[in-house]
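Chemist: Fold the stuff below for me.
(3 chains)
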Amino acid sequence: MSASETPPDVVPNDIRLYTLLASIPAGKVVTYGQAANLIGLPRRARWVGQMLKQLPKDSRLPWHRVINAQGKISLPLTRGQTQAERLRAEGVMVTQEGKISLKQYGWCV
DNA sequence: ACATTGACGCCCA
DNA sequence: GTGGGCGCCAATG
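Modeler: Residues are numbered from 1 along each chain as shown, chains lettered A, B, ... in the order given. Purely as a prediction, here's the structure:
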């Protein structure tokens, strides 16, 4: 092993998730599963949810741009309402039920 | 070490 | 479109 080769895990997974979050354009959304896939962690959707949950309340990261595969907000009403408001503030149409059109707002890479 | 718990996802009725 | 059931996987108790 030469020292010049880059090990596959030099960047911790949580950092990669934060980086991805920061790269999601305002007005666009991704699903938990997509977020996991995009950082090379298939089948880790639940883990993504755990990470977002543990984010400090005053975090600057756009955690609100992550929704579930059904195109809906996965949060209990209180915080879910906050997420809906944040999204609407960026021009995303969110129904009363917390439904969002992935077709229209899904972030395509 | 075993059982439960989730900000999940896919399949099927 | 809507549930119900099951698989998945890290964190918790």
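Chemist: quick one: contacts for the residue minimising distance to the centre of chain A?
Modeler: Using Cα atoms, centre = their mean, the residue of chain A that lies closest to the mean C-alpha position is A:Val66, 3.3 Å off. By Cβ atoms under 8 Å, 6 or more residues apart in numbering, the contact list for A:Val66 reads A:21, A:29-32, A:35, A:48, A:52. Where C-beta positions appear, they are placed from N, C-alpha and C, glycine not excepted.
Chemist: Next secondary structure after the helix or strand of chain A at the bottom of the mean pLDDT ranking?
Modeler: The helix or strand of chain A with the poorest confidence is helix A:77-89; it has a mean of 94 (mean pLDDT, DSSP states H and E). Downstream of helix A:77-89, the next assigned helix or strand under DSSP states H and E is helix A:102-105.
Chemist: what residues are up against A:Gly71?
Modeler: With Cβ under 8 Å, 6+ apart, A:Gly71 has these contacts: A:31, A:99-102.
Chemist: again with A:Asp14
Modeler: Taking Cβ under 8 Å, 6+ apart as the test, what A:Asp14 contacts is A:Met51.
Chemist: helix, strand or coil for it?
Modeler: State at A:Asp14, reduced to three classes by DSSP: H, G, I helix; E, B strand; the rest coil: helix.
Chemist: Can I get the least confident helix or strand of chain A as CSV, trimmed to CA atoms?
Modeler: Listed in CSV are the C-alpha atoms of helix A:77-89, where the atom choice follows Å, rounded to 0.1, in the frame of the first residue of the first chain:
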residue,chain,number,x,y,z
LEU,A,77,-47.0,18.1,13.3
THR,A,78,-45.0,20.6,15.3
ARG,A,79,-41.7,20.3,13.7
GLY,A,80,-43.4,19.1,10.5
GLN,A,81,-45.1,22.5,10.3
THR,A,82,-41.7,24.2,10.6
GLN,A,83,-40.4,22.1,7.8
ALA,A,84,-43.4,22.9,5.6
GLU,A,85,-42.9,26.6,6.3
ARG,A,86,-39.2,26.5,5.5
LEU,A,87,-40.0,24.8,2.2
ARG,A,88,-42.8,27.1,1.2
ALA,A,89,-40.4,30.0,2.0
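Chemist: That helix: which residues count as buried?
Modeler: Residues of helix A:77-89 classed as buried by neighbour count (16 or more other Cβ atoms under 10 Å): A:80, A:83-84, A:86-87.
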